[in-house]
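Enquirer: Got a predicted structure here, sequence first:
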Amino acid sequence: MDPVDTKLLELLAMRIESQLDALRHACFRFEVLKAVVAAGKQEWLPESNADLAQALRALRQSDREFRTVLADSARSLGLSPEATLREVAVAAPEPWDFVFAKHREAVEQRARQADELGRACNQILRKLLSTLNAALTMIGGEAPLGYDETGGQGSVTGSIGLVNTRI
């Protein structure tokens, strides 16, 4: 077996740290959006949504970089390039086995937190949208314009389109 590429394993550890930072920032942005809506500060929704979208783009970029280095690291350990971080942690020599196992636990925990916050924000925004639509209907107004899952623009109904308040 070839000697382990320590530089590659160091790079993987750095990419995992970047992934954790990106997840942490996304969680923060979900919390900010939740606070904005809970405080009834709808005028800050566009900014909060834009900040969250930027954080999610950074998370996707970080994930792409992480997956590339993970595949390279897996190959260097004699594993398939599709190997998981858990598999790489098991195959890696000391101290990398411990480092990657702990990193994997931290990423898993932070990803669960981001998922929970995302779901909570989704529920809050659905309630807000329902309230806005009911108020508009009561005064004879039209449903607000928003964005669907394809990025198309139109009236927002029961789904969670992000309301475009700048139109």
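Expert: Noted; the coordinates are in hand. Numbering: from 1, shown residues only.

Enquirer: Relative to residue 27, how far out is the most centrally placed residue in the chain?
Expert: Nearest to the geometric centre of the chain sits residue 56, at 4.8 Å (C-alpha atoms, centre = their mean). Shown here: residue 56 relative to residue 27, a distance of 11 Å by C-beta to C-beta, to the nearest Å. In short, each C-beta sits where N, CA and C put it, glycine included.

Enquirer: Following the chain onward from the host helix or strand of residue 67, which element is next?
Expert: Assigned by DSSP states H and E, residue 67 falls within helix 45-76. Next along the chain after helix 45-76, taking DSSP H and E as the criterion, comes helix 85-91.

Enquirer: residue ranges for the strands of the protein, please.
Expert: Using DSSP state E, the strands of the chain run over 145-147, 153-155, 162-163.

Enquirer: what does stretch 84-94 contact?
Expert: Contact partners of stretch 84-94, identified using C-beta atoms under 8 Å, 6 or more residues apart in numbering, comprise 4, 9, 12, 16, 70, 73-74, 77-79, 83, 96-97, 99-101, 103-104, 107.

Enquirer: Would you mind listing which of those are buried?
Expert: In these, burial by neighbour count holds for 4, 9, 12, 16, 70, 73-74, 77, 79, 83, 96, 99-101, 103-104, 107, counting by 16 or more other C-beta atoms under 10 Å.

Enquirer: Surely the residue nearest to the centre of the chain touches residue 23?
Expert: No: between residue 56 and residue 23 there is no contact, the gap being 10.4 Å when judged by C-beta atoms under 8 Å.
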